[in-house]
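> Got a predicted structure here, sequence first:
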Amino acid sequence: MKNSIYCTKKTLFILITALIVTFIFTGCFVSRTIKIKTEYGDHFTVSCDSLGELYVLRDDNSYFYADLDYFSDKDQLKAVCDNQYIRCYLISDTLEDGYKDLYILKIKEYDEFFSVICGDEKNKSDYMGKENAEKVKRVFLCDDLLVEICIVDLDYLYHDEMVDILDKLTNHEYEELEKYGLTKEMTEDTESLNKKITLIKNWLIKAEINGLHSYD
């Protein structure tokens, strides 16, 4: 009789232990997802583990994904721009570790999303790769927002080229800037043109003052 009671207690202990282990294991590896359909017609899925420590945003219609430090709900993904040149979304993160704004960008000519982390000083691993940068360069001067978002990365990768672009814009040497997407119609839009000049100039000055051109 005593052995029977002992076995029952032992069995109960084993079962409880197994349940606890299963709960912990499940909690660590089962993820939850947030489905998002944007006003531009894109579909994204954000997944995270149950502890809320790992977040990944994926485009449901391509291989694009971006790792996030934090994501609360679908309203955190904001539609910013959709025109003939680019489509853009913004994810803002205000964590204390200084994570910058993350832009989800698509150059319409290539129809592929990529991410751009915006901030004055970034780790080298945070800059867009040259493959995406080359795509951006071809339409760089088409849109004010594109200049604003991408000037930091392009300056990091092609500093001398950015200086040359500013010089040619300032001196009205527009024909040589066609390879960056500038058209005759764009040169006639004085307000937009001046904004592009100001964005590039202000960043180059700021980067020089703060020693951000010493990348090596």
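Perfect, I can see it now.
> Give me the phi and psi angles of residue 90.
phi -130, psi 130 (degrees, to the nearest 10).
> Residue 83 too?
phi -130, psi -170.
> What residues does it make contact with?
residue 143 (C-beta atoms under 8 Å, 6 or more residues apart in numbering). C-beta here means a position set from N, CA and C on the backbone, and glycine is covered the same way.
> Quick one, grab the pLDDT at it.
In this model, residue 83 is scored at 95, pLDDT.
> same question, residue 77
94.
> State the number of residues packed around it.
20 (other C-beta atoms under 10 Å).
> so it touches residue 89, yeah?
Yes - Residue 77 is within contact range of residue 89, at 5.7 Å (criterion: C-beta atoms under 8 Å).
> Find residues that contact each of those two.
What both residue 77 and residue 89 touch, as defined by C-beta under 8 Å, 6+ apart, is the set 38, 104.
> Quick one: mean pLDDT for stretch 198-210?
Per-residue pLDDT over stretch 198-210 has a mean of 93.
> List the buried residues of it.
The neighbour-count check on stretch 198-210 (16 or more other C-beta atoms under 10 Å) flags 199, 200, 203, 204, 207 as buried.
> Can you give the contact residues for it?
Residues from elsewhere that reach stretch 198-210, judged by C-beta under 8 Å, 6+ apart: 120-121, 144, 147-148, 151-152, 155, 162-163, 165-166, 169, 212-213.
> Residue 62 and residue 190, how far apart?
38 Å (C-beta to C-beta, to the nearest Å).
> now residue 110
Counting by C-beta to C-beta - residue 110 and residue 190 are separated by 30 Å.
> Kindly report the same for residue 53.
49 Å.
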